[in-house]
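>>> please work out how this folds:
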Amino acid sequence: MHAFETIQGRKVRFALVGCGRIAANHFNALEKHADRAELTDVCDIDPAVLAAAVARTGARGHASIDALLETSDADVVILTTPSGLHPAQSIAASRAGFHVMTEKPMATRWEDGLAMVRAADEAGRRLFVVKQNRRNATLQLLKRAMQAKRFGRIHMVNVNVFWTRPQSYYDQGAWRGTWEFDGGAFMNQASHYVDLLDWLIGPVESVQAYMATLARDIEVEDTGTVSVKWRSGAMGSMNVTMLTYPKNLEGSITILGEKGSVRVGGVAVNEILHWEFETPHEMDAEIKDASYATTSVYGFGHPLYYDNVIRVMQGEAEPETDGREGLKSLELLIAMYLSARDGRRVSLPLDY
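Below you'll find the model as predicted:
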């Protein structure tokens, strides 16, 4: 374990690499914390995208990550680049003396995720993995119910992600829908839901998956289903497709236990649809306020995620999702892909 220096008497400085689709969520989050954080640098290989980001943020612009790492005085480098680029960029940033915050998934290969954690450890730097959906009010309430053991023994869990991504979405960039840089419906779009399997229910014993590319012209899967068995004995399934007609329909989790049943649904686990327990609790009064309307499957968790990162950098908190926490969902994802490829049940952990 490392003793990390804390930032006192000034704002925490961030630099962002990759100014595409998800970067706007990070810009918005940093603006909400302008009293404690500032964006000093942005980087993108597309001149027009970079110019727009500089105009939006007022940060210094860089045409390459090497140039940014050489000149930036930021504390934390944010990676919002294609997933397959995260490992090399994270390792380079760690070795250059920066802390790193990477978007999901942290990597598309198991060994790359391990290398990222190892590089941060060796450099004595922090590695944060963005899991902003954990901060959604609905899931925070559900997590509290789990921690209070209100369900008793968990019997069955079901997760559904019924969204749509048209061919035009994948055609936006040559990297989209590739094994190396993107990953498929599970690795990319549904990765936050894979994260719920361990974060809410606990360690997974084994998975059995079926995946297919049914409609899109891409390398990876657009549809799949996974059977899951937890070490606790609970059983469940996860169903994912990016082919829902005509638009995003459902992002949900249902948990059935001996003393409680809960279903959180909506388009992106944003509505508590069923909440029933044997024993009443004061948290039950928060059900209505926890649900929220959303036009984005990203939810509203990025500002809350940044709050934790800033507090960690100032020595006031521990990381909610560091590199090792990020490895848990990556390991699950890789197990699912191995199962689907080989037609067999895959047990966890992947290695010892």
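>>> tell me where the model's unsure across the chain.
Applying pLDDT under 70 to the chain flags residues 1, 295-299.
>>> spell out which residues make up each domain of it.
Split into domains by the TED database, the chain comes to 12-129, 134-269+330-347.
>>> which among those is found nearest to Gln314?
Gln314 sits nearest to domain 12-129 of all the domains of the chain, at 6.9 Å, using C-beta to C-beta. Glycine gets a C-beta too; all of them are placed from N, C-alpha and C.
>>> who does Ser347 form a beta bridge with?
Ser206 (DSSP bridges).
>>> circling back: mind putting the domains of the chain into a markdown table with mean neighbour count and distance to Glu5?
Shown next, in a markdown table, are these (neighbours: other C-beta atoms under 10 Å; distance: least, C-beta to C-beta, whole Å):
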| stretch | mean neighbour count | distance to Glu5 |
| --- | --- | --- |
| domain 12-129 | 20 | 9 |
| domain 134-269+330-347 | 19 | 26 |
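>>> now those in a markdown table, with distance to Asp307?
Formatted as a markdown table, the domains of the chain follow (distance: least, C-beta to C-beta, whole Å):
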| stretch | distance to Asp307 |
| --- | --- |
| domain 12-129 | 7 |
| domain 134-269+330-347 | 9 |
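>>> quick one, helices of the stretch 151-300 of the chain?
Here the stretch 151-300 of the chain has its helices, by DSSP state H, counting those that start in this stretch, at 167-170, 191-196, 287-290.
>>> which ones are touching Asp284?
Contacts were defined as C-beta atoms under 8 Å, 6 or more residues apart in numbering; by that measure Asp284 touches 275, 277.
>>> and Val100, that's in a strand?
Yes - with DSSP: H, G, I helix; E, B strand; the rest coil as the criterion, Val100 is assigned to a strand.
>>> need the contact list for it.
By C-beta under 8 Å, 6+ apart, the contact set of Val100 is 76-77, 79, 90, 93-94, 116, 120, 125-128.
>>> now the two most distant members of these.
Val76 and Met116 (14.7 Å).
>>> who's the residue nearest to Ala215 when sequence neighbours are not counted bridged to?
Ranked by C-beta to C-beta, 6 or more residues apart in numbering and with sequence neighbours excluded, the top spatial neighbour of Ala215 is Leu243, at 5.3 Å. Beta-bridge partners recorded for Leu243 (DSSP bridges): Thr164.
>>> what sits against Leu243?
Neighbouring residues of Leu243 by C-beta under 8 Å, 6+ apart: 164, 214-216, 222-223.
>>> pick the one among those residues closest to Tyr305.
Nearest to Tyr305 among the contacts of Leu243: Thr164, at 25.9 Å, using C-beta to C-beta.
>>> thought that closest one was touching Val240?
No - counting by C-beta atoms under 8 Å, Thr164 does not reach Val240; the two are 11.9 Å apart.
>>> is Asn25 in a helix, a strand, or coil?
At Asn25 the chain is in helix, as set by three-state DSSP.
>>> pretty sure it sits against His302.
Yes - taking C-beta under 8 Å as the definition, Asn25 is a contact partner of His302 at 4.7 Å.
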